[in-house]
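Participant: I'll drop the sequence and a predicted model, then ask my questions.
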Amino acid sequence: MLLSGGLDSTVALAIAEKEYRLKTALFFDYNQYALKGEKEAAGKIAEVYGLSVEYVELPWLAEGSSSSLIRGGGAISGNPADSTGVKDRYEGTEDISSVWVENRNGIFLNIAAAFASWQECSVILTGFNREESILFPDNSREYIDAVNKALDIGEIKNIRVESPTVDLDKKKIVKEGIKLSIPWELLWSCYGGGRLMCGKCESCLKLKSALVGTSAEKIVSFSKEK
C-alpha cells in the first residue's frame, strides 16, 4: 500500500482493508517540503490500521528534480513552504511543470512491485483519483492499465496495481472517508512543511473545497496565517 498520509491514500487504505489482507505501507522520502507532515501522518495512519511501514529514501530523485515541491527545486511565489500560487500557476491550464515530480508515480510503483515480490503480495494499492487525473495523467485508470501491462512483462510473479479511489473525485472520496470513519485529525494533504497544513496550496484548496458542509470539515486543521 502506497501511503502518503493524505486524503486519497488514506481513504484508499480504508476501503482496501475491507477486501485485502494488507501487509505493508510504503512511504517515500524524496526531500519534499511536506516530508515531516507526510511522514508523521503516514506512520500514525498505518498504526491505526495495523500496518508496518517501510520508509524508502530516494535522495537522487530530489537531486535531479526541478519541481517546486522539492527542497532545492525552486520556490512558488517566493514561498515554497506555503506553496502559495500553485492554483494560479496551473489550474485550468496545460502547465503543470511547476509541481510535476519527474516520473514520481512510475518510480514509486516499480519500487512497490519489488517489495510486493519480496513479500509475496499480489496487489499494490494506491490512492489515485479521477479529479487529479485531469491534469496529472499518471493518476488515471489508463495509467494503471499501462503499468499493469508493463508488470506482466517485467515481473515474473502475478503482481498488479489497483486503486479503490481511481474513479472518484475529491468530494466522493471525502464521503467515503466519512462513511469509513478515517482518522481525519491525522491527515496531511498539504504541499508545505509548516506546523499545520497551509490552507493555501492547491492540495489544501482541493481538500477544503471537498470538506465544505461535511462532518469532517471541523476536524481537519489548517493554518490561520494570512
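Facilitator: Great, that's in hand.
Participant: Strands of this structure, residue ranges please.
Facilitator: Counting by DSSP state E, the chain has these strands, from start to end: 24-29, 52-57, 123-125, 160-162.
Participant: got a list of contacts for the third one?
Facilitator: So the one you mean is strand 123-125. Outside strand 123-125, the residues within contact range by CB atoms under 8 Å, 6 or more residues apart in numbering are 1-2, 12-13, 16, 20, 22, 109, 112-113, 116, 159-164. Placement of C-beta: from N, CA and C, glycine included.
Participant: List only buried entries from the residues you listed.
Facilitator: 1-2, 12-13, 16, 20, 22, 109, 112-113, 116, 159-164 (16 or more other CB atoms under 10 Å).
Participant: before we move on, the earlier item: got JSON lines for the strands of the chain, with mean pLDDT and distance to Asp145 too?
Facilitator: Compiled in JSON lines, those are given as follows (pLDDT from 0 to 100; distance: least, CB to CB, whole Å):
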{"stretch": "strand 24-29", "mean pLDDT": "97", "distance to Asp145": "21"}
{"stretch": "strand 52-57", "mean pLDDT": "97", "distance to Asp145": "25"}
{"stretch": "strand 123-125", "mean pLDDT": "98", "distance to Asp145": "14"}
{"stretch": "strand 160-162", "mean pLDDT": "98", "distance to Asp145": "9"}
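Participant: Would you mind telling me which of those strands is nearest Arg71?
Facilitator: strand 24-29 (11.4 Å; CB to CB).
Participant: so what secondary structure elements neighbour the closest one?
Facilitator: Secondary structure elements in contact with strand 24-29, counted by 3 or more CB pairs under 8 Å, 6 or more residues apart in numbering; DSSP states H and E, are helix 35-48, strand 52-57, helix 104-118.
Participant: Run through the neighbouring helices and strands of the last one.
Facilitator: Helices and strands in packing contact with helix 104-118 are listed as strand 24-29, strand 123-125, helix 141-154; criterion 3+ CB pairs under 8 Å, 6+ apart.
Participant: ok, now which ones touch Leu26?
Facilitator: So, once contact is read as CB under 8 Å, 6+ apart, Leu26 ends up touching 1-3, 53-54, 56, 108, 111-112, 115.
Participant: Lys224 too?
Facilitator: Here Lys224 is in contact with Gly199 (criterion: CB under 8 Å, 6+ apart).
Participant: Quick one, grab the pLDDT at it.
Facilitator: Lys224 is assigned a pLDDT of 85 by the prediction.
Participant: For Glu131, see how far away it is.
Facilitator: Relative to Glu131, Lys224 is positioned 26 Å away (criterion: CB to CB, to the nearest Å).
Participant: got it, and Ala14?
Facilitator: The spacing between Ala14 and Glu131, counted by CB to CB, is 18 Å.
Participant: got it, and Ala62?
Facilitator: Distance from Ala62 to Glu131, counting by CB to CB: 27 Å.
Participant: One more: Gly154?
Facilitator: 29 Å.
Participant: So those two - more neighbours on which side?
Facilitator: Set side by side, Gly154 and Glu131 show unequal neighbour counts under other CB atoms under 10 Å, the larger going to Glu131 at 18 against 11.
Participant: pretty sure the more buried one contacts Lys170?
Facilitator: Yes. The criterion here is CB atoms under 8 Å, and Glu131 meets it with Lys170 at 5.3 Å.
Participant: Overlap in contacts, these two.
Facilitator: Shared between the contact lists of Glu131 and Lys170 (criterion: CB under 8 Å, 6+ apart) are residues Lys206.
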